[in-house]
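*Asks:* task: produce atomic coordinates for the following.
(2 chains)
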Number of protein chains: 2
Amino acid sequence: MLYLIGLGLSDETDITVKGLETVKKCSRVYLEAYTSILLVDKPVLEKYYGREVIIADREMVESASDEILRDAQNVDVAFLVVGDPFGATTHTDLVLRARELSIPISSIPNASIMSAIGATGLQLYNFGQTVSMVFFTESWKPASFYDRIRENRSIGLHTLVLLDIKVKEQSLENMARGRKIYEPPRYMTVGQCAEQMLEIEGLKKEVGEGGVYNEESLAVGAARVGGKSERFVSGTLKQLCEADEVLGGPLHSMVLLGRRTHELESDYVREFAVDKELWDRIWKRDYEGKQ
Amino acid sequence: MLYLIGLGLSDETDITVKGLETVKKCSRVYLEAYTSILLVDKPVLEKYYGREVIIADREMVESASDEILRDAQNVDVAFLVVGDPFGATTHTDLVLRARELSIPISSIPNASIMSAIGATGLQLYNFGQTVSMVFFTESWKPASFYDRIRENRSIGLHTLVLLDIKVKEQSLENMARGRKIYEPPRYMTVGQCAEQMLEIEGLKKEVGEGGVYNEESLAVGAARVGGKSERFVSGTLKQLCEADEVLGGPLHSMVLLGRRTHELESDYVREFAVDKELWDRIWKRDYEGKQ
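*Replies:* Numbers count the residues shown, from 1 in each chain, chains lettered A, B, ... in the order given. Below is the predicted model:
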């Protein structure tokens, strides 16, 4: 059997009881560790599970999935995923391959950032499609997120923005020379995300396609959702550019509010505001009672 | 401290290890049991937690929340929620009241149907806003879901439809006579949902506002998501009207596909099709390659 097991969002105790009982009886245990991370390290997990944990990087999952699935017709294999196995990153390709090999599959759900973000107090019913934000470079500033946000905002909905993480990445030079030397991991912050969003808004405006949001659009920055040190900061996009210190370490995510914001949502979220007075003023002007 | 603890979706072992450790040390334990249910009964939970469990019905949560919060400045109180505490049903009002009373709050996330529905193989990134479907009566057929689905479909997105449950409901007669006699619980099925959706489409068409979906629109019915007896059935809305027997007991939910469906999603979902040939034909005609 192939077990896809969600680990939740924070530490080793966020696994479900069912998930823990299952991982303890598996012959091989893989941890998908390139699209998200827990706030604890591999040795902690190994001790907790009483099992060796094999880190599955992108290369392994995408190119060597048959190694992960080896003999899973006869033995139990666990594939651990931070969050939920079918959450922000889906592993449908691995499951499709397992189906081809007639391997039975079972999945054990857990909290995903895509639902846990409800802890901001914003109602999940009012969210549109989720978007991803990648690290920009000088020459590469992908802006497909902008059109998605435009769609969400056109019907008044919030947008969850998931932020890039880079683990086990090679520099261009090392890649060109075939050197398996990896850069230190990088995790995008809310501040970087807000800056990139405003940068794209500026570029779109220049070509007459702007106006989806602006410096005064309200948003919520979230750090370590579901963990003991969970932290939220709300404010304008401009304010959130400077909020990284308050938010602290990774992982970060962000929600851009839609205009169809319920009063109860604002009541809840303003508690986290950098400046409650400014929050109230903008909320009354641009959001309150809008449909 | 007030602990809001998600129980996940299926049985007593879907609680997280952190959640279980927490509930075991709480002085009072409430279970919110009117917006969703686990597939196990209260005595099973009480034995598992080693704690008495107090069922919190809608009346208690909405009108007597101060009883739930009593003395929570000094003792630990657990408020258990099926799924995630901030998922499909938010308990922000309870938290806002706790804030007023200076009660510290901690929440322990878990799987919510709003992310676990990813187990259908449909990508959560492609979902728009979630809608709710209530039981229609002869004279009351609320159709606000229809405009929400229209919005989602106008930008190509899937829609998760959450289905009504009725627990501890009085008949009008018993209510009028002040008799606290309750009807047996009712859980809406995928079949009932598909029928109500098509009924509204028919009514809207009559007044020239129809065309959001039709009998041949593709959808996925889901039953007991995250449980051992989890079951999916995919097909047209018309086919899903007849799918209840295959799906089995509660809880059910449904996803109506958006046209922006990725090939990998269709590959995954067609495995559950009532009729794979029909699925392929409609998918090619109405969905494949659409943006």
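
*Asks:* surely A:Glu169 and A:Lys180 touch.
*Replies:* No: counting by CB atoms under 8 Å, A:Lys180 is not a contact partner of A:Glu169; they are 11.6 Å apart. For every residue, glycine as well, the C-beta is placed using N, CA and C.

*Asks:* who has more neighbours out of those two?
*Replies:* Using other CB atoms under 10 Å in any protein chain shown, the more surrounded residue of A:Glu169 and A:Lys180 is A:Glu169, with 16 against 8.

*Asks:* give the residue farthest from the middle of chain A.
*Replies:* A:Asn74 (33.9 Å; CA atoms, centre = their mean).

*Asks:* you'd agree that one is in a strand?
*Replies:* No: A:Asn74: not assigned to a strand; according to DSSP: H, G, I helix; E, B strand; the rest coil it is coil.

*Asks:* against A:Pro104, how distant is it?
*Replies:* Distance of A:Asn74 to A:Pro104, given as CB to CB, to the nearest Å: 11 Å.

*Asks:* do the same with A:His158
*Replies:* 38 Å.

*Asks:* which of the two has more residues huddled nearby?
*Replies:* A:His158 (27 against 12).

*Asks:* what's the pLDDT at the more buried one?
*Replies:* At A:His158, the pLDDT value in this model is 98.

*Asks:* A:Val207: how many residues sit nearby?
*Replies:* Residues near A:Val207, counting by other CB under 10 Å: 7.

*Asks:* so which elements touch the longest helix along chain A?
*Replies:* Determined from DSSP state H, the single longest helix within chain A is helix A:190-206. The elements that helix A:190-206 packs onto, with contact taken as 3 or more CB pairs under 8 Å, 6 or more residues apart in numbering or on different chains; DSSP states H and E, are strand A:131-133, helix A:144-154, strand A:159-163, strand A:218-223, helix A:237-240, helix A:244-247, strand A:252-256.

*Asks:* for these, give me TSV that also has distance to chain B and mean neighbour count.
*Replies:* As requested, the helices and strands packed on helix A:190-206 are exported to TSV (distance: least, CB to the nearest CB, whole Å; neighbours: other CB atoms under 10 Å in any protein chain shown):
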stretch	distance to chain B	mean neighbour count
strand A:131-133	8	19
helix A:144-154	4	19
strand A:159-163	9	24
strand A:218-223	12	26
helix A:237-240	21	22
helix A:244-247	18	16
strand A:252-256	12	25
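
*Asks:* figure out which of these is closest to A:Gly83.
*Replies:* Of all the helices and strands packed on helix A:190-206, strand A:159-163 sits nearest to A:Gly83, with 10.4 Å by CB to CB.

*Asks:* just the angle between the closest one and strand A:218-223, please?
*Replies:* Strand A:159-163 and strand A:218-223 are oriented at 40 degrees to each other (axes from the mean of the first three to the mean of the last three CA atoms, to 10 degrees).

*Asks:* contacts for strand A:159-163?
*Replies:* Strand A:159-163 is contacted by residues A:88, A:113-114, A:117, A:127-133, A:145, A:148-149, A:152-153, A:187-190, A:192-193, A:197, A:251-256, A:258 when judged by CB atoms under 8 Å, 6 or more residues apart in numbering or on different chains.

*Asks:* that one pairs with which strands?
*Replies:* The pairing partners recorded for strand A:159-163 under DSSP bridges are strand A:131-133 (parallel), strand A:252-256 (antiparallel).

*Asks:* now do the last one and helix A:144-154, the angle between them.
*Replies:* Read it as strand A:252-256. Using the same axes, to 10 degrees: strand A:252-256 against helix A:144-154 is 40 degrees.

*Asks:* quick one: the helix or strand following strand A:252-256 near chain B?
*Replies:* Following strand A:252-256 in sequence order, the next helix or strand is helix A:263-270 (DSSP states H and E). Yes: residues of helix A:263-270 contacting chain B under CB under 8 Å from any CB of the partner chain: A:Leu264, A:Glu265, A:Asp267, A:Tyr268.

*Asks:* ok so, going back, which positions in the longest helix of chain A come out as buried?
*Replies:* A:Val190, A:Gly191, A:Gln192, A:Cys193, A:Ala194, A:Glu195, A:Gln196, A:Met197, A:Leu198, A:Ile200, A:Glu201, A:Lys204 (16 or more other CB atoms under 10 Å in any protein chain shown).

*Asks:* first-to-last residue distance for stretch A:106-119?
*Replies:* Using CA to CA, to the nearest Å, the end-to-end distance of stretch A:106-119 comes to 28 Å.

*Asks:* for it, the distance to its chain's centre please.
*Replies:* 11 Å (CA atoms, centre = their mean, to the nearest Å).

*Asks:* and for stretch A:216-224?
*Replies:* With CA atoms, centre = their mean, you get 14 Å for stretch A:216-224.

*Asks:* next one, pLDDT for A:Tyr182 please.
*Replies:* 83.

*Asks:* how many neighbours does it have?
*Replies:* 14.

*Asks:* tell me how many other residues crowd A:Thr16.
*Replies:* 31.

*Asks:* ok, the one 3 residues further on next?
*Replies:* Neighbour count for A:Gly19, taken as other CB under 10 Å: 27.

*Asks:* so what does the host helix or strand of it touch, helix or strand wise?
*Replies:* Taking DSSP H and E as the definition, A:Gly19 sits inside helix A:17-24. Contact analysis of helix A:17-24 by 3+ CB pairs under 8 Å, 6+ apart lists strand A:2-6, helix A:42-49, strand A:77-81, strand A:105-108, helix B:17-24 as its packing neighbours.

*Asks:* strand A:2-6 and that one, what's the angle between them?
*Replies:* 130 degrees.

*Asks:* show me what the very next helix or strand once past helix A:17-24 is packed up against.
*Replies:* As assigned by DSSP H and E, the chain's next helix or strand after helix A:17-24 is strand A:28-32. Counting contacts by 3+ CB pairs under 8 Å, 6+ apart, strand A:28-32 packs against helix A:42-49, strand A:54-56, strand A:77-81.

*Asks:* again, only this time at 6 Å
*Replies:* strand A:54-56, strand A:77-81 (3 or more CB pairs under 6 Å, 6 or more residues apart in numbering or on different chains; DSSP states H and E).

*Asks:* can you pull the contacts of A:Ala98?
*Replies:* A:Leu2, A:Leu69, A:Ile105 (CB atoms under 6 Å, 6 or more residues apart in numbering or on different chains).

*Asks:* specify the local secondary structure of it.
*Replies:* Looking at A:Ala98 with three-state DSSP, the answer is helix.

*Asks:* excluding chain neighbours, give the residue nearest to the residue of the stretch 101-250 of chain A found nearest chain B in space.
*Replies:* For the stretch 101-250 of chain A and chain B, the shortest gap (CB to the nearest CB) falls at A:Gly118, measuring 3.1 Å. Excluding its sequence neighbours, the residue lying closest to A:Gly118 (CB to CB, 6 or more residues apart in numbering or on different chains) is B:Phe86, at 3.1 Å.

*Asks:* could you do A:Met188 as well?
*Replies:* Nearest to A:Met188 is A:Leu163, by CB to CB, 6+ apart, at 3.8 Å.

*Asks:* got it, and A:Cys241?
*Replies:* A:Ala194 is the one closest to A:Cys241 (CB to CB, 6+ apart), at 4.6 Å.

*Asks:* one step back: quick one, the longest helix of chain A and strand A:159-163 angle?
*Replies:* 120 degrees.
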